[in-house]
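*Asks:* mind folding the following:
(one chain, ligands or ions: 1)
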Amino acid sequence: MPEVAQSHIGIVGLGYVGLPLAVEFSKKFSTTGFDLKEQRIAELKEGIDVTREVNKQELQQAGNLRFTSDIDDLADCNVFIIAVPTPIDANKRPDLRPLEGASHTVGQALKKGDVVIYESTVYPGATEEVCVPILEEVSGLTFNQDFFAGYSPERINPGDHEHRLPTIVKVTSGSTPEIADFVNNLYGTIITAGTFKASCIKVAEADQKEAERLYGVTMIENLPVNHYDGVVYDVKHSLPKDVADGCL
Ligand SMILES: NC(=O)c1ccc[n+]([C@@H]2O[C@H](COP(=O)([O-])OP(=O)(O)OC[C@H]3O[C@@H](n4cnc5c(N)ncnc54)[C@H](O)[C@@H]3O)[C@@H](O)[C@H]2O)c1
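*Replies:* Residues are numbered from 1 along each chain as shown. I've put the predicted structure just below:
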């Protein structure tokens, strides 16, 4: 695990969620923003954000932030944050293909000691059951021995320029107690409203406020088999009341 101060952050997916994160982290750390869409990268290099979450001046001032669609440019990152879309299909099931693709991309850049943090809205269990195996397979590294994972749900409201990323409390989590501290401290460098360290990744994933707001469903409701009773209990007892109330 890197020291927080030694973090070189790679953000994968530069949409409504990923771009503001990249801009904020670049104020503290060397940051690389990666997106598959070359047009998006070309626009960002020109200082244009079509989502209007970040203005031209903020982009121009982000001197520590470089934009790329070349996987090789992620090679010197040691902390990866994945913020790709998780659309739902006609049956209101999450489509995890972008997340799987992004995990495949990061797997190619992963080195011993690196940390991969997911921000995409998912059902509890998806990070460790779907994404981590891809990271292991592509990198050839062993989870929680060679590399680590975290999850931090995003709670921004696009278009709300009053409550922005740093001023909304952020739930964090990690795959070991030490990584949970690392992830929490890392976000603590940019979130002025404060962070809340959840007891484990599944509990942080169970913060379903975003799924409800974005899709009108919680992803827990749409699991084929609901085997998350323990998580439901844990969420209610481990997250702050305002977060837990929105969870389930
Ligand atoms: N928009 C919101 O208000 C909001 C709020 C909270 C959480 N979320 C969650 O955050 C995640 C991201 O949402 P968003 O609104 O930022 O999405 P978005 O569609 O605005 O942006 C996603 C970006 O990821 C890129 N991308 C897709 N697949 C990729 C891949 N394999 N590698 C690299 N880049 C890839 C796309 O080109 C796009 O630029 C979703 O899971 C969403 O549910 C969104």
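*Asks:* phi and psi next, for whichever residue of the chain sits closest to the ligand.
*Replies:* Nearest residue of the chain to the ligand, counting by C-beta to the nearest ligand atom: residue 15, 1.8 Å away. Bear in mind the C-beta positions are built from the backbone N, C-alpha and C, glycine included. Per-residue torsions, residue 15: phi -100, psi -150 (degrees, to the nearest 10).
*Asks:* I'd say it and residue 85 touch.
*Replies:* Yes. Between residue 15 and residue 85 there is a contact under C-beta atoms under 8 Å: 6.8 Å.
*Asks:* list phi and psi for residue 79.
*Replies:* According to degrees, to the nearest 10, residue 79 has phi -130, psi 120.
*Asks:* what is the neighbour count of it?
*Replies:* 25 (other C-beta atoms under 10 Å).
*Asks:* contact partners for it?
*Replies:* Residue 79 makes contact with 2, 7, 8, 9, 10, 114, 115, 116, 117, 186 under the criterion C-beta atoms under 8 Å, 6 or more residues apart in numbering.
*Asks:* can you confirm the fourth one is in a strand?
*Replies:* Right, residue 9. Yes. Judged by DSSP: H, G, I helix; E, B strand; the rest coil, residue 9 forms part of a strand.
*Asks:* run through the bridge partners of it.
*Replies:* With DSSP bridges as the criterion, residue 9 is bridged to residue 31, residue 79.
*Asks:* pLDDT weak spots in the protein?
*Replies:* Flagging of the chain using pLDDT under 70 yields the residue ranges 208-248.
*Asks:* residue closest to the middle of it?
*Replies:* residue 119 (2.2 Å; C-alpha atoms, centre = their mean).
*Asks:* my read: it touches residue 85, true?
*Replies:* No. Judged on C-beta under 8 Å, residue 119 makes no contact with residue 85 at a distance of 11.1 Å.
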